[in-house]
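*Asks:* With the input below, show me the fold.
(one chain, ligands or ions: 1)
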Amino acid sequence: MSEDLYEAVIGLEVHIELKTESKIFCSCKNEYGALPNTHCCPVCMGFPGALPTLNRQAVLLAVKAGKALGCGISSVSSCNRKNYFYPDLPKGYQISQGDSPVCTGGYLTIYADSVKKKIGITRIHIEEDAGKLIHDRSSSTLIDFNRAGVPLIEIVSEPDIRSAAEAAAYLKKLRLIMLYAGISDCKMNEGSMRCDVNISVRKKGSTELGVRTEIKNINSFSFVEKAIDAELARQIKFLKAGENIRHQTLRFDPETGSVVTMREKESENDYRFFPEPDILPFFITTDDIKKISEDIPALPDEREMIYTESYGLPHKDALTIISEPKVSMLLDDISRRTRYIKNTANFIISEFPAFCEKTQKDSAELAPRLAELCDLLGDGEINSSVAKKTLRVILSSEETPLHYIEENGLRMIRDEKLLKATVKKTIDENPGMASDYLNGKKAAFKSMMGVCMKLTNGSGDPVILTKLLNEALKNHHIN
Ligand SMILES: [Zn+2]
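*Replies:* Take a look at the predicted model:
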C-alpha cells in the first residue's frame, strides 16, 4: 500500500459455475456459448406455477469444493429466496442459501512475500446464476436466459487478505484447486469464475474494522489487483482528508482504471431473505462425503510437497508444473509407468511451453511414450542430449522413442575400442585444441568433447569419452 500508516482488510466472494450437465433447478442443458435463449424452460424462465427440482450433482460438487478447501459439511442444508428485481432475473428472486450453507470454515494457503499464509474460508453455498444482459451497439439491451439457473457456488473468504497481491494469489490458488478437483473450468473470460471484493482500510495496529465497500463482478486477475489498488488509494485519500467512507457498491472501470459507484450498499434485510418454499431441506450423508473425498485427486499443496521432496525439483519448477493442471496430471500418468520420474519432471520443465500447448487428450496419449523415453535415459541406453532431441520429435509427431533411436542409430555407444578411435581422431584432427588444453586452457577440453560427440552422432557415452580423452591427453605431447 502506498501509505504505511494504513492497513487493508480484504475479503473475497468468488462465484464459480459448476460443471454439471444440467441447470440447478430444471433439466435445461448447462452449456456455455449456445445460441441465445435455446436452453430455457418455464422453470428457469420463472413462469408462474413452475416448480424447481434441486440438481443433486450441483450439491455434490459444492461438497467436493468444500472438502478440497478443508471445510466442514452440513448434514442438512436448505435454500433461501433472495428477493430483488433485475431484468436478467425473470422470477424476481434468486434461490440461494441463508443460514445453512453446504460448507463452512475452511482455508487455503498462499505465498505472501515468499511466506506461507492461510486465508480462511467462511462458507460455500449453492445458488443459481442470473441471465446475461447484452448491451449491443445500437444501444439496446438484449437478454440471454441460457445462463439463468446455471448452478453456482459462492465461496466467501474471511477478511484475511491484506493486499492486491495476496488477493491475486488467493484467486489463482482457488482456481487451481477447483480445476484439479474438476468442479469448474474457471474461465474468468467466459464468466465461469467471477469475483466480488469487500474492502476497507484501518490504521495499522487497530483491530476495529473500517467502513467497507464492495467492488462487484470483476472477471480478470489483473483487474482484481488494479481495482483493489484503486479503491485502497481512494479510501486512504478520504480518510486522510478526515472524510467518511460511504458503504457503497462499486464497479471497476478497466478503461479508466478507477472504481465507479453503482449504488449505495443494500443491507441483507433489503433482500427479504426467507426459506425457499419450493425446495425441501436436503441431506448430505457421511457416505456421500466419503465417496466425494475419495474422488479428489492430489491438490496443489500436496503436489508441491511431492515435487520438491520426492522428485527433488526446485520450488519454482514445482510451482510451474502445478500451474498447468493438465501438465501436472500428465506427470501423474507417467509416474505410474516409469522408474525414472525425476527425468520426466526435468523434461517437462525444459520443454514446458510445448507441453502447455498439448490438450488433455494429447497428454494422455503422450504418457506411455514419455515413460519409454525416461526409461531409456534412466537405463543408460541413450544420453541426455539424445533424450532431448528425441523428446522434441515425439512431442511433434507420433514417433515412438525406441523406434526413432534405432532408426537413427542413437543408442549410446559404449564400445571402448570405437570410442578410443574417436578420441584419437579428435586429437589428430584438432592439434590446436589439444595443445591449448595442455597449455592450461581448460575450456578446450569441452570443445574436444563436442567434437567427439559430433563424431559419434551425439551418441557416445559421455562418461567413457571423458575418461578416454583425459587418458589420451595425458600421453599426448605437443609437437
Ligand atoms: Zn430450464
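*Asks:* By mean pLDDT, point me to the weakest helix or strand of this structure.
*Replies:* Counting by mean pLDDT, DSSP states H and E, the weakest-scoring helix or strand in the chain turns out to be strand 258-264, with a mean of 85.
*Asks:* Adjacent strands (with direction) for the helix or strand just after that one?
*Replies:* As assigned by DSSP states H and E, the chain's next helix or strand after strand 258-264 is strand 274-275. The sheet places strand 274-275 alongside strand 80-83 (antiparallel), with pairing taken from DSSP bridges.
*Asks:* Output the contacting helices and strands for the least confident helix or strand of the chain.
*Replies:* Applying 3 or more C-beta pairs under 8 Å, 6 or more residues apart in numbering; DSSP states H and E, one finds that strand 258-264 contacts strand 213-218, helix 221-240, strand 248-253. C-beta here means a position set from N, CA and C on the backbone, and glycine is covered the same way.
*Asks:* Now it - C-alpha only, CSV.
*Replies:* Taking C-alpha atoms only, strand 258-264 is exported to CSV below (Å, rounded to 0.1, in the frame of the first residue of the first chain):
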residue,chain,number,x,y,z
SER,A,258,-10.9,3.6,-11.5
VAL,A,259,-13.8,2.4,-9.4
VAL,A,260,-17.3,3.9,-10.1
THR,A,261,-20.2,4.0,-7.7
MET,A,262,-23.1,1.7,-8.7
ARG,A,263,-25.4,2.2,-5.7
GLU,A,264,-25.5,2.9,-2.0
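*Asks:* Just give the strands next to that strand in its sheet, each with its orientation.
*Replies:* Strand 258-264 sits in its sheet next to strand 248-253 (antiparallel), going by DSSP bridges.
*Asks:* Which residues does the strand it pairs with contact?
*Replies:* Under the contact criterion C-beta atoms under 8 Å, 6 or more residues apart in numbering, strand 248-253 has outside partners 213-218, 223, 226-227, 230-231, 258-266.
*Asks:* what sits against the residue nearest to residue 61 when sequence neighbours are not counted?
*Replies:* Distances taken as C-beta to C-beta, 6 or more residues apart in numbering place residue 18 nearest to residue 61, at 4.6 Å, with adjacent residues excluded. The contact partners of residue 18, by C-beta under 8 Å, 6+ apart, come to 24, 30, 57, 58, 61, 62, 150, 151, 152, 153, 183, 184.
*Asks:* and residue 18, how far is that from the ion?
*Replies:* Per C-beta to the ion, to the nearest Å, residue 18 is found 15 Å from the ion.
*Asks:* For this protein, what lies in contact range of the ion?
*Replies:* Neighbours of the ion within the chain, by C-beta under 5 Å from the ion: 26, 28, 41, 43, 44.
*Asks:* Turn those into TSV, columns for pLDDT, secondary structure and neighbour count.
*Replies:* Output for these, formatted as TSV (pLDDT from 0 to 100; DSSP: H, G, I helix; E, B strand; the rest coil; neighbours: other C-beta atoms under 10 Å):
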residue	pLDDT	secondary structure	neighbour count
26	97	coil	21
28	97	coil	21
41	96	coil	15
43	95	coil	21
44	94	coil	27
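*Asks:* Toward the C-terminus, what is the element adjacent to whichever helix or strand residue 330 is part of?
*Replies:* Taking DSSP H and E as the definition, residue 330 sits inside helix 325-335. Sequence-wise, the next helix or strand downstream of helix 325-335 (DSSP H and E) is helix 341-350.
*Asks:* for the stretch 251-400 of the chain, which spans come out with low pLDDT?
*Replies:* 265-268 (pLDDT under 70).
*Asks:* Cool, thanks, talk later.
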